[in-house]
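Asks: please find the sequence and the predicted model below.
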Amino acid sequence: MVSYFLVACKTKIARSQNKSQNGKCSVAARTASRFLDLVPADPYPRPMNTVRNVSIKQLKRAVIIREKIDSLQRELTQILGGEIPIRRVGKRKMSAAARARIGAAQRVRWAKVKGASAKPKRKMSAAGRAAISAAAKVRWKKAKAAGKTRL
């Protein structure tokens with residue numbers, strides 16, 4: 001597990017050693033300097049030194065401490081029998097098969113809900129419909145005879 005801090009420290013040390021040898025930075029040191037921008041924001045409430053304004057001696061000590069931390073982390077992982085889960089960033093993907101299983105299960109749940117509460121539709125017989133229609137016609141005949149336009 002290599003942290004950005006460790007990469008940035010090693011980069012700064014390499015750049016300072018290259019400068020002391022020939023007075024200029026090497027191409028590798030210049031391209032590796034982009035890692036300095038990847039150092040995470042300081043989680044501590046009090047101000048601390050950043051990678052840019054510490055001495056080489058302090059950086060070497062920081063690298064040694066960070067390597068010890070990483071080795072202890074690996075040892076802890078071996079003892080606990082697995083890696084510590086890392087939170088994923090970004091949108092989670094779901095397979096089509098998983099979506100199909102979830103959809104099928106939801107359709108089954110809805111079928112149970114609708115099936116339990118739904119009452120069968122009542123149907124009227126043709127004779128019953130004819131009787132209601134005949135009664136309505138008689139009512140309207142009386143209403144029109146009385147000169148009404150509505151009941």
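Replies: Nice, I can see it.
Asks: what average pLDDT does stretch 99-109 get?
Replies: The average pLDDT for stretch 99-109 rounds to 94.
Asks: next structured bit after the lowest-mean-pLDDT helix or strand in the chain?
Replies: In the chain, no helix or strand scores lower on mean pLDDT, DSSP states H and E than helix 27-32, which sits at a mean of 48. Of the helices and strands lying after helix 27-32 in sequence (DSSP states H and E), the nearest is helix 56-80.
Asks: which other helices and strands does that following helix contact?
Replies: For helix 56-80, the elements it packs on are helix 4-22, judged by 3 or more CB pairs under 8 Å, 6 or more residues apart in numbering; DSSP states H and E. Using the backbone N, CA and C atoms, a C-beta is placed for each residue, glycine as well.
Asks: quick check: residue 63 touching residue 11?
Replies: No. The criterion here is CB atoms under 8 Å, and residue 63 misses it with residue 11 at 10.6 Å.
Asks: higher neighbour count, the two?
Replies: Each of residue 63 and residue 11 has its neighbours counted (other CB atoms under 10 Å); residue 11 has more, 21 against 18.
Asks: for residue 109, see how far away the more buried one is.
Replies: 56 Å (CB to CB, to the nearest Å).
Asks: low-confidence regions, the protein specifically.
Replies: Filtered on pLDDT under 70, the chain yields the residue ranges 1-10, 16-52, 82-85, 116-120.
Asks: run the last query once more with 50
Replies: Filtered on pLDDT under 50, the chain yields the residue ranges 1, 25-39.
Asks: residue 80: what's it in contact with?
Replies: By CB atoms under 8 Å, 6 or more residues apart in numbering, the contact set of residue 80 is empty.
Asks: now it: how far from residue 108?
Replies: Counting by CB to CB, the gap from residue 80 to residue 108 is 40 Å.
Asks: which residues touch residue 151?
Replies: Contacts for residue 151 (CB under 8 Å, 6+ apart) come out as 139-140, 143.
Asks: go again with 7 Å.
Replies: By CB atoms under 7 Å, 6 or more residues apart in numbering, the contact set of residue 151 is 139, 143.
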